[in-house]
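> mind looking at a prediction? Sequence and model below.
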Amino acid sequence: MIKIAVIPGDGIGKEVVAEGLKVLRKLEQLSNVKFDFQEYPFGAEHYLKTGETLPDWAIEEFRKFDAIYFGAIGDPRVKPGVLEHGILLKLRFSLDLYVNLRPVKLYHPKLTPLKEKEKIDMVFVRENTEGLYAGAGGFLRKGTPQEVAIQEMINTRYGVERTVRFAFEYAKKTGRKKVTLVDKANVLTYAHDLWQRVFAEVSEEYPEIETDHYYVDAMAMKMVRSPEIFEVVVTPNMFGDILTDLGAEIVGGLGLAASGNIHPRKVSMFEPVHGSAPDIAGKGIANPLAAILTASLMLEHLGLDKESKTVEKAVAKVIEENKVTPDLGGSLKTHEVGDAVVKVLEVLWDEGEAG
Ligand code: NAD
Ligand code: IPM
Ligand code: MN
């Protein structure tokens, strides 16, 4: 029995997680796998009702699960930062989920807005517990013309080294041959000097893997011009946040972007890259494929390779057949896309094409 904590959260988070769960439940019928899902109510509604974001007891409880499946949080009625820090970042930090693994993969050439791109297949290893997300901050003389707002950036050798090492290990494990470091060491001459030194040191342990480097501004350019040259990309927290939305867009959009918040030896948390999308929430048109691909990443992490790969194949197939939501040019509803994935999954399994 695989124990999964489920936090659907807010807005389209709830809508897309329902489809991810539908797919996982279908797998229970097709394969020998059994899940025990336990749902938690944390999110905007819960906060507005109780004043509670994410209590410490819940964090302790989550440690006992095999994985956490998360939708999205964020609500226009709540001040920005309250739910983001109080729930999502608290989970990442408290559970020490130091890598945010974000694949950028083109499932079909028709999905990219770029010209003449057939293959885009890179994986971001975003540092997930430090950087601009972790520093102290404050105001001086708040509200006066002399106001100063300070937001620190933290980079520790320990945090940088384990993330960079993860990137090389991931490349090795998945047969990728190059790791690219993205930083801004030409301006952040302390923080990212550390990144450069650590990257150079760790890379020596992996002589078979090629290394490469871009400053983040040039990386944004290069990802549009020649995304096919990247394999594994390792980068600090904030740059990883921004570049992976760009990455999502060059392979079809946020509706397809999956991620895992990972600690290799502790409970990890899987969530789509997108947020709660208040602009489309409640309309039944959110693309559930990011959440479904996120479920696939979770299955892979849990060692269920065949299940993971078959879900990914099923997603590729519904894209090929245009059984998709309006963001991908289709006319299906969220739940209809979930149903389509389930149907293909069944066929692949029956025809022995699973895995
Ligand atoms: P967003 O990712 O929610 O939406 C950006 C745009 O992409 C919107 O136009 C939205 O409609 C579209 N979009 C996103 N996911 C989609 C999907 N599955 N199908 C179709 N279209 C999709 O980002 P935002 O608007 O900047 O943020 C909204 C709220 O979500 C904020 O409160 C923000 O803090 C929060 N947020 C949460 C997470 C998370 O929980 N992991 C991630 C990002 C943003
Ligand atoms: C993401 C989101 C979060 C981040 C926010 C909501 C805290 O944008 O998961 O990409 O910045 O990491
Ligand atoms: Mn983001």
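Nice, thanks for sending it over. Ligands and ions are numbered 1, 2, ... in the order given.
> near ligand 1, which residues of the protein?
Counting by Cβ under 6 Å from any ligand atom, the chain comes close to ligand 1 at 12, 16, 72-74, 84, 88, 254-255, 271, 274-280, 286-287, 290, 327. (Each C-beta comes from the backbone N, C-alpha and C, glycine too.)
> now, these that are in strands?
Members of those lying in strands (criterion: DSSP state E): 72, 271.
> now restrict the residues of the chain next to ligand 1 to buried residues only.
When the residues of the chain next to ligand 1 are checked for burial by 16 or more other Cβ atoms under 10 Å, the buried set is 12, 16, 72-74, 84, 88, 254-255, 271, 274-277, 280, 286-287, 290, 327.
> quick check: buried residues in stretch 111-126?
Residues of stretch 111-126 classed as buried by neighbour count (16+ other Cβ under 10 Å): 111-112, 114, 117, 120, 122-126.
> of the residues of the chain next to ligand 1, which ones also sit close to ligand 2?
Among the residues of the chain next to ligand 1, the residues lying close to ligand 2 (Cβ under 6 Å from any ligand atom) are 84, 88, 275.
> mind listing what the last one touches?
By Cβ atoms under 8 Å, 6 or more residues apart in numbering, the contact list for G275 reads 11, 72-74.
> and for the first one?
Contacts here follow Cβ under 8 Å, 6+ apart; on that basis E84 touches 73-74.
> sorry, back to before: just send the buried residues of stretch 111-126 back as CSV, with distance to F168 and pLDDT too.
Listed next are the buried residues of stretch 111-126 as CSV, based on distance: Cβ to Cβ, whole Å; pLDDT from 0 to 100:
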residue, distance to F168, pLDDT
L111, 29, 97
T112, 28, 98
L114, 28, 97
K117, 27, 96
I120, 21, 98
M122, 15, 98
V123, 12, 98
F124, 14, 99
V125, 9, 99
R126, 15, 98
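> now, these that are in strands?
If you go by DSSP E, the buried residues of stretch 111-126 have 122-126 in strands.
> still on that earlier bit, just the residues of the chain next to ligand 1: which are in helices?
Among the residues of the chain next to ligand 1, the residues falling in helices (DSSP state H) are 12, 16, 290.
> my read: the last one touches L254, true?
Yes - A290 sits in contact with L254 when judged by Cβ atoms under 8 Å, with a separation of 6.6 Å.
> who touches both of the two?
With Cβ under 8 Å, 6+ apart as the test, A290 and L254 both reach 272-274.
> for these, give me TSV that also has pLDDT.
Below are those laid out as TSV (pLDDT from 0 to 100):
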residue	pLDDT
P272	98
V273	98
H274	98
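> so which of those residues comes closest to ligand 2?
Ligand 2 lies nearest to V273 out of the shared contacts of A290 and L254, by Cβ to the nearest ligand atom, at 5.6 Å.
> ok, the closest one to Q29 distance?
Using Cβ to Cβ, to the nearest Å, one obtains 29 Å as the distance from V273 to Q29.
> again, but for E84
As judged by Cβ to Cβ, E84 and Q29 stand 37 Å apart.
> with I12 instead?
Counting by Cβ to Cβ, the gap from I12 to Q29 is 26 Å.
> what count of nearby residues applies to F93?
By the measure other Cβ atoms under 10 Å, the count of residues near F93 is 17.
> for my notes, confirm it occurs in a strand.
No - according to DSSP: H, G, I helix; E, B strand; the rest coil, F93 belongs to no strand; its state is helix.
> hang on, it packs against I154?
No - here F93 lies out of contact with I154, judged by Cβ under 8 Å, at a distance of 11.4 Å.
> done for today, thanks.
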